[in-house]
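**Student:** structure for this input, please:
(2 chains)
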Amino acid sequence: MVYSLNKKVAIEIHKKIFLIRNTEEKISDEYSNWKMRCPVHLSIGQEAVPAVLSMFLNRKDLAVSTHRGHAHYIGKNGNLNKMIAEIYGKKTGCSKGKGGSMHLIDKTAGFYGTSPIVGNSIPVGVGLSYNFMKEKNKNISVIYLGDGAIEEGVFYESLNFSAVKNLPCLFVCENNLYSVYSPLNVRQPKNRSINKMIKSIGVNSIECDGNDIRKIFLACKKAINFIKKSNKPFFLLFNNYRWKEHCGPNYDNDIGYRTQKEFLDWKKKDPLLNSYSLLKKLNVNNKIILSEEKKILKKIINAFEFAKKSKFPNKNQLMKDILK
Amino acid sequence: MKKISMASIINKTIEKAMIDSEKVICFGLGVTDPKGVFGTTLNLEKKFGKQRVFDVPASENALTGFAIGASLNSNIPILTHQRLDFALLSLDQLINGAAKWLYMFGGQFNVPITIRMIIGRGWGQGSTHSQNLHSVFSHIPGLKVVTTSIPDDAANLLYSSIFDPNPVIFLEHRWLHNSLGRFPKKLKKNIIGKSKVVKKGKDITLVGLSYMTIECLEAAKILQAFNIDAEVVDLRTVSPLDKKTIIKSVSKTKRAIITDTSNSFCGISSTISNMIYQNVKNLKNKLEIISLPFCPEPTSLKLIENFYNDRYTIANLALKMFNVNKRIKFKKT
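**Tutor:** Predicted coordinates:
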């Protein structure tokens, strides 16, 4: 586990943010070619949280996520080639072409699946932690969710159960203000703080800027230390913003549910730009950054080539793996 | 060997499974309370400790998701619902989660969970304490659906469910908990998907499941007095369906009554009937289905008088099929 945000750690975080951003941009660019035939929910603007959190996790820590799961999968070191191949529906995909963008998994990386049913993966993540509690081995289960999931009954049920049973779960909520196109004010009472509500359920919670790398780092460190020391769950609430449309490769500030001004205000808080300025403050050599970034861009190009070259699943796969 | 109640058989089976594998955990609302889910979970907490046997909040959906997650990370969960109807709160986790996990992630993760659901009947249980939804669950690929009826079979069916690598819905009819049977010396792990001929006969096949198998067996006794030799097939598993055993039986008898503990609309009895028509030639009678009316169960004794079917309904229909004019009369209770 890392203890301070030094040069080395900052470079690792930057590599993750850069990888997520450019992978998503590449998906966005290629999407109109109609070769990726599944819905994609891009994580652009929401790269910082999984990138920073990944510094505190090892392969034995497990994670689950949602429909907007690319960043979380990559953050947890999920195999990039397999993710892109999955989106292309190829047999080399992480779910052998049966899951698509919304059902990502990488067992070896400890990334145990995503679900596009809001709230669906939350109790599964709680269940993953049960063995950690039984064996007292100090691993944790990370449960990514969005602000919409807070409105689901299963969210309360899961949080309540993790508190009753003292389970080593880290709930990571990214509040990007919109559930599809529905703003928070039609979904949750105006003056109710999510953070306070979580605390009153009996789970410790911190609210934090979801674009500020230093702040995210401190929040994650505090949360994970707490879980490992007290063997109790913790909740992290990050405020950030989804730059692109809910589902698909485009911007949608023109359709009327949010304003261009709101978008531009959030864009100023760009986590990638924040990462560059942090590296600058830490006096990281520009050449190092450029050489790392070059490698990452090559990795992304290779992943797309891998996906495009890969074969589609055999037709007999249709009826395989229904039951074991 | 001494006969014990089916509730005790269930209890002993869970105990045996927990001894045989430390991975088995058992939880659900009321499993550690003084009544222990009709006696089926009594004393388990004392024997195996709070980490393996525990009571839970009234959160059916989350607890089903919890079971999935726990099974993905080294546990074999048994989740119990005191009524099937309560489990309906968990349909998201059952249908979108448990049933799909293996398939939608390309066969990398199986979900070895057993979900026990208990079904009520009569005594004012009414619309939301008595639903037989085996056909609903069986409609979902990725779920196995087991119905237990003969007490002697209950242990092997449950043991097979617990150690099955897939999610299994294990349906227990409340009226069977007090029926008596034997606990086998050695338990079997592989009987899911196999129906059983529980009484041999040559003249007509009575297909039963859950509580209706007991009524089919009683009907067969009545028919014996009329020299009608009925064969009774206990379904045991609704999904996957053992087509072979049913087709083999009806190919021999050329007559069948398919009984169901639910209504037949979009149901297993209709599916079986269709399957027989497709596979058995030269039937001597048209196939008959005995099932419930297509309405919720009311509570009033008066309204429920003709709601359920029993040995007499089955026997009388069979007599009609054999052109026997006599009908069995019985006193309604």
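**Student:** going forward, measure contacts between C-alpha atoms and count neighbours the same way
**Tutor:** Fine.
**Student:** the strands in chain A, which residues?
**Tutor:** In chain A, the segments counted as strands under DSSP state E are A:62-66, A:111-115, A:141-146, A:169-175, A:178-179, A:182-183, A:204-209, A:234-239.
**Student:** kindly report the same for the stretch 151-300 of chain B.
**Tutor:** Along the stretch 151-300 of chain B, the stretches classed as strands by DSSP state E, counting those that start in this stretch are B:168-173, B:180-181, B:196-199, B:204-208, B:230-234, B:237-239, B:256-259, B:288-290.
**Student:** same list, these, but as JSON lines with distance to chain A, mean neighbour count and mean pLDDT please.
**Tutor:** Output for the strands of the stretch 151-300 of chain B, formatted as JSON lines (distance: least, CA to the nearest CA, whole Å; neighbours: other CA atoms under 10 Å in any protein chain shown; pLDDT from 0 to 100):
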{"stretch": "strand B:168-173", "distance to chain A": "11", "mean neighbour count": "26", "mean pLDDT": "98"}
{"stretch": "strand B:180-181", "distance to chain A": "31", "mean neighbour count": "20", "mean pLDDT": "97"}
{"stretch": "strand B:196-199", "distance to chain A": "22", "mean neighbour count": "17", "mean pLDDT": "98"}
{"stretch": "strand B:204-208", "distance to chain A": "25", "mean neighbour count": "29", "mean pLDDT": "98"}
{"stretch": "strand B:230-234", "distance to chain A": "23", "mean neighbour count": "27", "mean pLDDT": "98"}
{"stretch": "strand B:237-239", "distance to chain A": "11", "mean neighbour count": "25", "mean pLDDT": "98"}
{"stretch": "strand B:256-259", "distance to chain A": "27", "mean neighbour count": "27", "mean pLDDT": "98"}
{"stretch": "strand B:288-290", "distance to chain A": "30", "mean neighbour count": "21", "mean pLDDT": "98"}
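**Student:** mind putting those strands into a markdown table with distance to A:Glu86?
**Tutor:** Shown next, in a markdown table, are these (distance: least, CA to CA, whole Å):
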| stretch | distance to A:Glu86 |
| --- | --- |
| strand B:168-173 | 29 |
| strand B:180-181 | 52 |
| strand B:196-199 | 43 |
| strand B:204-208 | 45 |
| strand B:230-234 | 44 |
| strand B:237-239 | 31 |
| strand B:256-259 | 45 |
| strand B:288-290 | 46 |
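**Student:** near chain B, which residues of the stretch 201-324 of chain A are found?
**Tutor:** For the stretch 201-324 of chain A, the residues in contact with chain B (CA under 8 Å from any CA of the partner chain) are A:Lys320, A:Asp321, A:Ile322, A:Leu323, A:Lys324.
**Student:** stretch B:70-89 and chain A, are they touching?
**Tutor:** Yes: Stretch B:70-89 is in contact with chain A by CA under 8 Å from any CA, via B:Ala70, B:Ser71, B:Leu72, B:Asn73, B:Ser74, B:Asn75.
**Student:** is it true that A:His67 touches A:Gly113?
**Tutor:** No: the pair A:His67 / A:Gly113 is not scored as a contact, 10.1 Å apart, by CA atoms under 8 Å.
**Student:** between the two, point out the one with more neighbours.
**Tutor:** Taking neighbours as other CA atoms under 10 Å in any protein chain shown, A:His67 and A:Gly113 compare with A:Gly113 leading, 27 against 21.
**Student:** what are the buried residues along stretch B:151-166?
**Tutor:** Residues of stretch B:151-166 classed as buried by neighbour count (16 or more other CA atoms under 10 Å in any protein chain shown): B:151-166.
**Student:** between the two ends of stretch B:237-244, how far is it?
**Tutor:** 13 Å (CA to CA, to the nearest Å).
**Student:** ok, so of the buried residues of stretch B:151-166, who is nearest A:Ser121?
**Tutor:** If you rank the buried residues of stretch B:151-166 by distance to A:Ser121 using CA to CA, B:Asn166 comes first, at 18.6 Å.
**Student:** model confidence for the nearest residue to the closest one once chain neighbours are set aside, exactly?
**Tutor:** Leaving out its chain neighbours, the residue that sits closest to B:Asn166 by CA to CA, 6 or more residues apart in numbering or on different chains is B:Pro112, at 4.6 Å. pLDDT recorded at B:Pro112 is 98.
**Student:** just the one 10 residues further on next, same as before
**Tutor:** In this model, B:Gly122 is scored at 85, pLDDT.
**Student:** who are the contact partners of it?
**Tutor:** If a contact means CA atoms under 8 Å, 6 or more residues apart in numbering or on different chains, then B:Gly122 has B:Ser130, B:Thr299, B:Ile304 as its contacts.
**Student:** cool, and B:Phe330?
**Tutor:** B:Phe330 makes contact with B:Tyr312, according to CA under 8 Å, 6+ apart.
**Student:** measure it to B:Tyr312 for me?
**Tutor:** According to CA to CA, B:Phe330 stands 8 Å off from B:Tyr312.
**Student:** for chain A, just list every one of the helices.
**Tutor:** Secondary structure of chain A (DSSP state H): helices at A:7-31, A:48-53, A:70-75, A:80-87, A:121-128, A:130-135, A:153-165, A:194-201, A:213-230, A:260-267, A:271-281, A:286-309.
**Student:** hang on, I meant the stretch 1-150 of chain B
**Tutor:** B:6-20, B:36-39, B:44-48, B:60-72, B:84-87, B:91, B:101-104, B:134-138 (DSSP state H, counting those that start in this stretch).
**Student:** from those helices, which stretch is densest packed?
**Tutor:** Among the helices of the stretch 1-150 of chain B, helix B:60-72 has the highest mean neighbour count (mean count of other CA atoms under 10 Å in any protein chain shown), at a mean of 28.
**Student:** alpha carbons of that one, as CSV, please.
**Tutor:** Extracted in CSV, the C-alpha atoms of helix B:60-72 (Å, rounded to 0.1, in the frame of the first residue of the first chain):
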residue,chain,number,x,y,z
GLU,B,60,-34.5,-10.3,0.2
ASN,B,61,-33.0,-8.7,-2.9
ALA,B,62,-29.7,-7.7,-1.3
LEU,B,63,-29.3,-11.0,0.4
THR,B,64,-29.7,-12.8,-2.9
GLY,B,65,-27.0,-10.5,-4.4
PHE,B,66,-24.9,-11.2,-1.3
ALA,B,67,-25.4,-14.9,-1.9
ILE,B,68,-24.1,-14.5,-5.5
GLY,B,69,-21.1,-12.5,-4.4
ALA,B,70,-20.3,-14.9,-1.6
SER,B,71,-20.5,-17.8,-4.0
LEU,B,72,-18.1,-16.1,-6.4
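**Student:** which strands and helices sit next to it?
**Tutor:** Under the contact criterion of 3 or more CA pairs under 8 Å, 6 or more residues apart in numbering or on different chains; DSSP states H and E, helix B:60-72 touches helix A:121-128, helix A:153-165, strand B:76-81, helix B:84-87.
**Student:** try 10 Å
**Tutor:** Here helix B:60-72 touches helix A:121-128, helix A:130-135, helix A:153-165, strand B:24-27, strand B:76-81, helix B:84-87, helix B:91, strand B:114-119, going by 3 or more CA pairs under 10 Å, 6 or more residues apart in numbering or on different chains; DSSP states H and E.
**Student:** residues touching residue 156, list them.
**Tutor:** Picked chain A for this. Residues in contact with A:Tyr156, defined by CA atoms under 10 Å, 6 or more residues apart in numbering or on different chains, are A:Gly119, A:Ile122, A:Pro123, A:Ala149, A:Ile150, A:Ser162, A:Ile198, A:Ile201, B:Ser59, B:Ala62.
**Student:** wrong chain, I was asking about chain B
**Tutor:** Contacts of B:Asn156 by CA under 10 Å, 6+ apart are B:9-10, B:13, B:148, B:162, B:183-184, B:186-192.
**Student:** as CSV, the residues you listed with pLDDT would be great.
**Tutor:** Formatted as CSV, these follow (pLDDT from 0 to 100):
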residue, pLDDT
B:Ile9, 98
B:Ile10, 98
B:Thr13, 98
B:Thr148, 97
B:Ile162, 98
B:Phe183, 97
B:Pro184, 96
B:Lys186, 96
B:Leu187, 97
B:Lys188, 96
B:Lys189, 95
B:Asn190, 95
B:Ile191, 96
B:Ile192, 97
